[in-house]
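A.B. asks: Sharing a sequence plus its predicted fold:
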Amino acid sequence: KDAAFSGLSIGIYMGGVGVGSILMFFVMTRWGFQPLQRLRSGLLVSVFVFLLGSVAYAIVVFSTSTLLSSEKARSLSILLILSRFLAGFGAGLAWQQLYVSYKSVVSADLLEKTIFTAQVLGMLGMALAPGAGAMLDIMCSSKIGQFRAVAVAGVVLVASMWIALHLLLPSSIPAVTTQTETQRSSELQPRHRRLLLIGTIAISSGRAFVAGGVEVASVFIMETTYSMSLPWPGVLTGIAFTLITFRALLMPPLENKGIRNEFRRTYSLSLFGAVLLTGGPPFLPSAAAPCLVLLGDFLVALVIILEGKLLALQMQSTFPAGTDWLDLDGTTMIWQILCCIMRVLGPWTARYVIESCGQNAYAVLQLLVLAMLYLVFELLVAPFINVTDEHEGQSKALGLPSEKQIATPVHEQS
């Protein structure tokens, strides 16, 4: 198949995540499913669906050969898309339950740290998977065939996850008593809070498009433009994402006064990385071009580390349930739909643009999207981060309570 189909086969996974998340969202909000009371059974079903997708993918890999009729090749292509969608669907079902559980079992002051820890672990898995898969393929492809060891390893890992959940996770988890609103959300006027939420949703959606493209585009460029043998682009991409994981550990908390500058620094580096995706100026040695592309891949993907902070900020700023269309349920729904659409479009668009218009056109596309995200951050998000860290006069100008009022108990203020 062509590169666009390859991008689609990767992006359709996130399409499945979106469908699974939205379905579970309606199950929980409209049909009264309580995830904490049935967390183990809900996750077991979700991971089982994920396992079905992994098994279907393994069937495709073991059925592939150089001598395939057009009809069988078409059937395997459909099964490949279905396997990726099923895996994403199961992941989406599980992710939505965990997302709601965070709000129910984690106190407000630990919410950001919990989301950040989950994000770092997810990034670490995303970083190690390409390199580990490539090395496994190098060691085993000559014995059992290309990609087959990776497919078997995927089935074993997901099956092990199902067994671990069945043995270790309790059937129900008690909820903790949390405030209906965090201090951050209560400090913002409704108009400012809507702007902040719209900004975080827009940035998360654009980040999903950028990240989805970066995950596949650089590997494709390494293979086609620089004729790099197949396993090594995965190894190099894994190294780049591992470095991103370490960079995420240096991010300050949302309460830190320097968090806005940290966001700006990350966006600036990502913009520079988009320029490097062109491979650099032509007067440089040819061997330097793939190194610059890999460096650009790393810098552009730095926007991934902002997602945990944006998600925590978004969850802390939602309206109380039922009081506004941007309460937790409404915000989650809009955010999931847009992010999943962008994660599907990202890989497909990246490979289509590279194949049709070239590497430079893809670099320009990433540059424009990142510049737009930077602008949205400055206009809709940055003005409302750490408003309590500013001086008293600015807090009053925004219509916010002073630090003294925040620290004073409600009965004393009365």
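C.D. replies: Yes, it's here.
A.B. asks: My read is that Leu326 contacts Thr318, right?
C.D. replies: Yes - under the criterion of C-beta atoms under 8 Å, Leu326 makes contact with Thr318 at 6.4 Å. All C-beta spots, glycine's among them, are computed from the backbone N, C-alpha and C.
A.B. asks: Tell me which of those two has more neighbours.
C.D. replies: Thr318 (23 against 20; other C-beta atoms under 10 Å).
A.B. asks: With adjacent residues omitted, what lies nearest to the more buried one?
C.D. replies: Once flanking residues are discounted, Thr318 sits nearest to Leu328: 4.5 Å by C-beta to C-beta, 6 or more residues apart in numbering.
A.B. asks: before we move on, the earlier item: overlap of the contact sets of Leu326 and Thr318?
C.D. replies: Counting by C-beta atoms under 8 Å, 6 or more residues apart in numbering, the shared contacts of Leu326 and Thr318 are Leu197.
A.B. asks: centroid residue for the chain?
C.D. replies: Ala208 (6.2 Å; C-alpha atoms, centre = their mean).
A.B. asks: distance of it from Phe25?
C.D. replies: Distance, Ala208 to Phe25, using C-beta to C-beta, to the nearest Å: 17 Å.
A.B. asks: Likewise for Ala159?
C.D. replies: Separation of Ala159 from Phe25 (C-beta to C-beta): 27 Å.
A.B. asks: Give me the more crowded residue out of the two.
C.D. replies: The residue with more neighbours, out of Ala159 and Phe25, is Phe25; 20 against 16, by other C-beta under 10 Å.
A.B. asks: show me the contacts for the more buried one.
C.D. replies: 96, 329, 332-333, 336.
A.B. asks: Just the closest of these to Leu313, please.
C.D. replies: Closest approach to Leu313 among these (C-beta to C-beta): Thr332, at 14.0 Å.
A.B. asks: Pretty sure the closest one sits against Trp95.
C.D. replies: No - Thr332 lies out of contact with Trp95 (C-beta under 8 Å); the separation is 11.1 Å.
A.B. asks: Neighbour count for the two, which is higher?
C.D. replies: Thr332 (22 against 19).
A.B. asks: element containing that one, please.
C.D. replies: Assigned by DSSP states H and E, Thr332 belongs to helix 328-357.
A.B. asks: my guess is Gln96 contacts Met28, does it?
C.D. replies: Yes - contact status for Gln96 versus Met28: in contact at 7.4 Å, counting by C-beta under 8 Å.
A.B. asks: Looking at the two now, which is surrounded by more residues?
C.D. replies: Here Gln96 and Met28 are set side by side on neighbour count (other C-beta under 10 Å), and the busier one is Gln96, at 25 against 18.
A.B. asks: Surely the more buried one is in a helix?
C.D. replies: Yes - the assignment for Gln96 is a helix, going by DSSP: H, G, I helix; E, B strand; the rest coil.
A.B. asks: Which residue is the nearest non-sequential neighbour of it?
C.D. replies: Met24 (3.9 Å).
A.B. asks: What of Gly16?
C.D. replies: Nearest non-adjacent residue to Gly16 (C-beta to C-beta, 6+ apart): Gly88, at 2.6 Å.
A.B. asks: ok, that neighbour to Gly20 distance?
C.D. replies: Going from Gly88 to Gly20 by C-beta to C-beta gives 7 Å.
A.B. asks: quick one, helices of the stretch 51-200 of the chain?
C.D. replies: For the stretch 51-200 of the chain, applying DSSP state H, counting those that start in this stretch gives helices covering 70-105, 108-144, 148-168, 183-187, 190-224.
A.B. asks: Compute the inter-axis angle for the second one and helix 148-168.
C.D. replies: Right, the one you point to is helix 108-144. With axes from the mean of the first three to the mean of the last three C-alpha atoms, to 10 degrees applied, the angle from helix 108-144 to helix 148-168 works out at 140 degrees.
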